[in-house]
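Q: Compute the structure for the input listed below.
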Amino acid sequence: MIDKPLTLENLNQSNLNLLISLAVLLDEAHVSRAAERLGMTQSAISHVLNRARDLFDDPLLIKGSQNMILTSRAQTLKTQLNDFVLTSSTIFKGSEFDPSKIKGVIRFTMNDLAASLCIEEILTQVAERAPFLELEYVRQTDSVSSQLNSGKLDLAIGSFKKLPKNVSSVHVGFERWSLLVGQRYHDNNIETLAESLTLPQAKYAVAGEVDTQLEQFLLQHQLNIKPGFTSGSMVVLAEAMKTGYLTAIVPHTLAHALADNESLTQFDIPELSDTETMMVWPEDLNHQALHVWIRELIMTAYQNNVLCSKEADHAEL
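A: Down below sits the predicted model:
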């Protein structure tokens, strides 16, 4: 809710792309026409309207007998936003994006082990190229969808059982999976996924695409997992594995980090295929210059430092 007019001091806290999308929506007073004009989906435009209603504490558009009707607040906003778009176009026409002059905050998430591996490159690049930009790392949880839709998160990297709604996505690379068996069970001759599932399992709490494959494997072989330890932190999970009292299905990144630990034995898991790592972000940030720039920077750092394969292909963001 806005209790006072936006100023230069608090303007960077608002989503300027949201205002541009809202200007088109109020001009059309029609979700599908606004979506077509902006090159967005209808669900993304509905998301814009919901966020704008919260921002301005007003319904803005209400259903009439035949068409959507602008509220009095929306009528005022329509004029103001048209002026805003025209002025913005004049200001930025012919100018190139310069990250060194940008102020703002970018909030991102990925698992904490991945973040620990690529954060040095990310911060170094930002410090040298965008010194006024603030980055905030948000701990990865299962609520990525709601965080992206509420504006609490600008982008996320991970493996998703199902992509969140109202987001755009791009392929980052693929992650292989390994089976780790603790030293305590070395005499059990555990070499396969099925055999390992009879022993206490360590599990990463945030669900991903591999969980779907594992669920299908369990169903097919009529097996159940024997839980031993669950962690919302990949770094803590790595430390737990060093005890030698657990087994775990882990991304190759974590297995590689523990390769020299004598309390663990590592096996490939042919039963599980590689999972796709994706970067996702709100659709209304698709063409924001700063966001396009930071997406490329973070993706490059992730591919350089996290993915086991250097052949990860760069997609056009």
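
Q: show me where pLDDT drops low in the stretch 1-150 of the chain?
A: Residue ranges of the stretch 1-150 of the chain with pLDDT under 70: 1-16, 85-95.

Q: That one: helices as residue ranges?
A: Here the stretch 1-150 of the chain has its helices, by DSSP state H, counting those that start in this stretch, at 16-28, 31-38, 42-56, 72-92, 112-129, 144-149.

Q: Is it possible to get CSV of those that adds distance to residue 225?
A: All C-beta spots, glycine's among them, are computed from the backbone N, C-alpha and C. Below are these laid out as CSV (distance: least, Cβ to Cβ, whole Å):
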stretch, distance to residue 225
helix 16-28, 43
helix 31-38, 43
helix 42-56, 35
helix 72-92, 53
helix 112-129, 21
helix 144-149, 23
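
Q: Quick one: closest of those to residue 260.
A: Nearest to residue 260, of all these, is helix 112-129, at 16.0 Å by Cβ to Cβ.

Q: Next, the buried residues of the closest one.
A: Residues 112-119, 121-122, 125-126 are the ones in helix 112-129 that count as buried (16 or more other Cβ atoms under 10 Å).

Q: cool, stretch 191-201 as well?
A: 193, 195-197, 199-201.

Q: Please apply the same query to stretch 62-72.
A: 68, 70.

Q: Then stretch 125-144?
A: So for stretch 125-144, counting by 16+ other Cβ under 10 Å, buried means 125-126, 130, 133, 135, 137-138, 140, 144.

Q: excluding its backbone neighbours, what's nearest residue 61?
A: residue 68 (4.6 Å; Cβ to Cβ, 6 or more residues apart in numbering).

Q: again, but for residue 274
A: Nearest one to residue 274, counting by Cβ to Cβ, 6+ apart, is residue 174 at 4.3 Å.

Q: Report the beta-bridge partners for that neighbour.
A: Counting by DSSP bridges, residue 174 is bridged to residue 276.

Q: Report how many residues lie close to residue 292.
A: Neighbour count of residue 292, defined by other Cβ atoms under 10 Å: 16.

Q: Equivalent analysis for residue 175, please.
A: 22.

Q: Look at it and report its pLDDT.
A: The per-residue pLDDT reported for residue 175 equals 89.

Q: From residue 199, how far out is it?
A: Plainly put, residue 175 is 23 Å away from residue 199 if you go by Cβ to Cβ, to the nearest Å.

Q: got it, and residue 126?
A: 43 Å.

Q: got it, and residue 31?
A: 53 Å.

Q: residue boundaries of the helices in the stretch 151-300 of the chain?
A: Using DSSP H, counting those that start in this stretch, helices in the stretch 151-300 of the chain cover 193-196, 209-221, 234-241, 252-257, 289-305.

Q: Export these as CSV, with columns for mean pLDDT.
A: Below are the helices of the stretch 151-300 of the chain laid out as CSV (pLDDT from 0 to 100):
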stretch, mean pLDDT
helix 193-196, 90
helix 209-221, 90
helix 234-241, 95
helix 252-257, 90
helix 289-305, 93
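
Q: before we move on, the earlier item: quick one: residues contacting the residue nearest to residue 61.
A: By Cβ atoms under 8 Å, 6 or more residues apart in numbering, the contact list for residue 68 reads 29-31, 61-62.

Q: 10 Å instead?
A: 25-26, 28-31, 49, 60-62, 74 (Cβ atoms under 10 Å, 6 or more residues apart in numbering).

Q: What's the ChimeraX syntax to select whichever of the residues you listed are buried?
A: Applying 16+ other Cβ under 10 Å to those leaves a buried subset, and the ChimeraX line that selects it is:
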select :25,26,28,29,31,49,60,61,74
